[in-house]
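In: can't give you the sequence, but here's the structure:
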């Protein structure tokens, strides 16, 4: 998730770097070359000679997919990355709890650094209490409706209730996506909804759609866009990604998103609900 976000941010005009661990193997070298090709800084990528690179399998049927996740156990360490404008935290292995504490401590020690949190499989499995500091420090939080129910351990389906309960965990702005029903954002005062941007043709592969949405929303906020403005930009990158195979090939530049925005149907507009 995080490499996808780093690539999206760079294509949208920001400087981005990735903090991650790789093995000194075929897959790790391919990952490193891909990041360099995309212009993402690899200064904080640690390469391990005695540990393999993470490799996940995607079960793909029509446009839907299930990803089988397997994380190697790396010796996670928080590097000194200075004072970036944003941290974007996403999927980490299930043995990374102490690393989350290091991340929280780093952000607390660098005033003005903002955190966007898009939890992955094991972070959701760890639960809120284990990652309480991360939730409390998050300026932006992203998940889909089913993930929100899983995190909150509830069968509640009302979107306003889910948004409010997620925000009560600490994040300042909560964004919940809901597939074809669009996306919702809540800042403690207003709930905004935007419909899904219409697909120009049937989706090919939904891998990376959520990453594209969350990272684009984060970038738009970093560029000074309002919540409703960010809500209109983000679904366009998701729409583009699902037209291609994989999570990165369809990621757009800012002028390309703005071009699609100009062609948007009249009902593609954010509304307070």
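Out: Looks like it arrived, so ask away. Computed from a predicted structure; not experimentally measured. Residues are numbered from 1 along each chain as shown.
In: you'd agree residue 36 is up against residue 43?
Out: No - applying Cβ atoms under 8 Å as the test, residue 36 and residue 43 come out as separate, 11.1 Å apart. (Each C-beta comes from the backbone N, C-alpha and C, glycine too.)
In: what residues do those two have in common as contacts?
Out: Applying Cβ atoms under 8 Å, 6 or more residues apart in numbering, one finds that no residue jointly contacts residue 36 and residue 43.
In: mind checking the SS state of residue 185?
Out: Put simply, residue 185 is strand when judged by DSSP: H, G, I helix; E, B strand; the rest coil.
In: Please read the previous query as pertaining to residue 47.
Out: Here residue 47 is strand, with the state taken from three-state DSSP.
In: Next up, the contacts around it.
Out: 21-24, 28, 32.
In: ok, now with 10 Å
Out: For residue 47, the contacting residues are 20-25, 28-29, 31-32, 53, by Cβ atoms under 10 Å, 6 or more residues apart in numbering.
In: which ones among those are found in strands?
Out: Those of the contacts of residue 47 mapping onto strands are 20-23, per DSSP state E.
In: give me phi/psi at residue 221?
Out: With angles defined as degrees, to the nearest 10, residue 221 sits at phi -70, psi -40.
In: can you pull out the helices in this structure?
Out: With DSSP state H, the ranges of helices along the chain come out as 2-11, 26-37, 97-108, 121-126, 132-137, 145-152, 159-167, 209-222, 227-241, 254-262.
In: Please convert the ones you listed to JSON lines, extending it with distance to residue 85, mean pLDDT and mean neighbour count.
Out: Shown next, in JSON lines, are the helices of the chain (distance: least, Cβ to Cβ, whole Å; pLDDT from 0 to 100; neighbours: other Cβ atoms under 10 Å):
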{"stretch": "helix 2-11", "distance to residue 85": "10", "mean pLDDT": "98", "mean neighbour count": "24"}
{"stretch": "helix 26-37", "distance to residue 85": "20", "mean pLDDT": "96", "mean neighbour count": "15"}
{"stretch": "helix 97-108", "distance to residue 85": "12", "mean pLDDT": "97", "mean neighbour count": "16"}
{"stretch": "helix 121-126", "distance to residue 85": "23", "mean pLDDT": "92", "mean neighbour count": "17"}
{"stretch": "helix 132-137", "distance to residue 85": "15", "mean pLDDT": "98", "mean neighbour count": "18"}
{"stretch": "helix 145-152", "distance to residue 85": "26", "mean pLDDT": "97", "mean neighbour count": "18"}
{"stretch": "helix 159-167", "distance to residue 85": "23", "mean pLDDT": "98", "mean neighbour count": "18"}
{"stretch": "helix 209-222", "distance to residue 85": "6", "mean pLDDT": "97", "mean neighbour count": "26"}
{"stretch": "helix 227-241", "distance to residue 85": "15", "mean pLDDT": "98", "mean neighbour count": "24"}
{"stretch": "helix 254-262", "distance to residue 85": "16", "mean pLDDT": "98", "mean neighbour count": "14"}
